[in-house]
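**Q** Here is the input, now give the coordinates:
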Amino acid sequence: MTDPVLVRQPRSDEAPALRELAERTFRAAFEAQNSASDLESYVREAFSLERLRAELADPASRFVVATNADCRGPQRERLLGYGKLRSGSLEPCVSDPDAIELERIYVEPSALGGGVGAALMKALIAEAQALGHRTIWLGVWERNERAIGFYRRWGFEVVGSHVFRLGSDEQTDLVMQRPVAGVNEPAPALRGLQGAARQAAPCPDSDSDTEVDDDA
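**A** Reported below is the predicted structural model:
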């Protein structure tokens with residue numbers, strides 16, 4: 001039986017735990033396919049506690065976390081995944097100038113397949129709609145077939161690409177978008193995800209100076 005999942009905004013005192021989750025899930029998603037030096041270089045900059053606290057305080061950013069909702073008795077509440085939206089970030093290939101970026105969405109490896117990714121995606125789409133956006137976009141590594149499949153099932157379509165720099169390695173991310181209104185359930189298939197949206201580094205064919213942790 002799948003445990004219930006609660007999606008909510010993170011508390012201010014959860015920054016250290018969220019930072020650990022963010023680094024742990026990023027490593028799980030990309031460690032095997034990248035050099036240790038490139039990975040460490042990226043992780044040091046992207047997942048510092050100072051940087052995360054600044055992101056949590058940024059009015060352009062919206063975070064959500066997924067937890068085990070039924071945590072009565074001796075079991076304590078655990079962070080199972082998280083997601084992040086960011087406004088004011090746009091790629092030239094995205095059709096809507098007011099689109100919001102799904103910058104990160106990650107699930108704890110032990111929780112994959114338990115509906116956590118779907119719960120996060122529903123909450124992020126609802127938040128984008130509540131903020132008045134009509135389009136949501138993300139960047140995902142072209143080699144991350146599992147994440148690409150997850151996004152397609154949620155109605156995202158490829159509209160272009162951009163460069164993502166992991167340490168010294170320049171990689172290609174697919175840029176995908178979908179209307180905020182419409183698909184609120186995934187097509188049948190994979191329910192968990194890992195390493196979706198990343199954050200994109202500056203590149204010649206992109207106006208974005210964010211890192212895409214597609215983490216979505």
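
**Q** and the helix or strand harbouring Asp173, what does it pack onto?
**A** Using DSSP states H and E, Asp173 falls within strand 169-179. The criterion is 3 or more CB pairs under 8 Å, 6 or more residues apart in numbering; DSSP states H and E, and the helices and strands that strand 169-179 contacts are strand 135-141, helix 145-153, strand 157-166. (Each C-beta comes from the backbone N, C-alpha and C, glycine too.)

**Q** if you set the cut-off to 7 Å instead, what comes out?
**A** Applying 3 or more CB pairs under 7 Å, 6 or more residues apart in numbering; DSSP states H and E, one finds that strand 169-179 makes contact with strand 135-141, strand 157-166.

**Q** I'd like those as a markdown table, with distance to Glu101 appended.
**A** Shown next, in a markdown table, are these (distance: least, CB to CB, whole Å):
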| stretch | distance to Glu101 |
| --- | --- |
| strand 135-141 | 6 |
| strand 157-166 | 12 |
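
**Q** would you turn those into TSV with distance to Val43 and mean neighbour count?
**A** TSV is the format used below for the helices and strands packed on strand 169-179 (distance: least, CB to CB, whole Å; neighbours: other CB atoms under 10 Å):
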stretch	distance to Val43	mean neighbour count
strand 135-141	16	27
strand 157-166	10	18
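
**Q** Could you say which one of those strands comes nearest to Phe150?
**A** Nearest of the helices and strands packed on strand 169-179 to Phe150, taken as CB to CB: strand 135-141 at 9.0 Å.

**Q** ok and that closest one relative to strand 157-166, angle-wise?
**A** 50 degrees (axes from the mean of the first three to the mean of the last three CA atoms, to 10 degrees).

**Q** Okay, now the sheet partners of strand 135-141, with direction.
**A** Note on strand 135-141: by DSSP bridges, its sheet partners are strand 100-107 (parallel), strand 169-179 (antiparallel).

**Q** Highest mean neighbour count out of the ones you listed?
**A** Mean neighbours per residue, mean count of other CB atoms under 10 Å, is largest over the strands paired with strand 135-141 for strand 100-107, with a mean of 31.

**Q** Tell me which helix or strand comes right after that strand.
**A** helix 116-130.

**Q** And the average pLDDT for that next one is what?
**A** The pLDDT scores in helix 116-130 average 95.

**Q** Thank you kindly, that will do.
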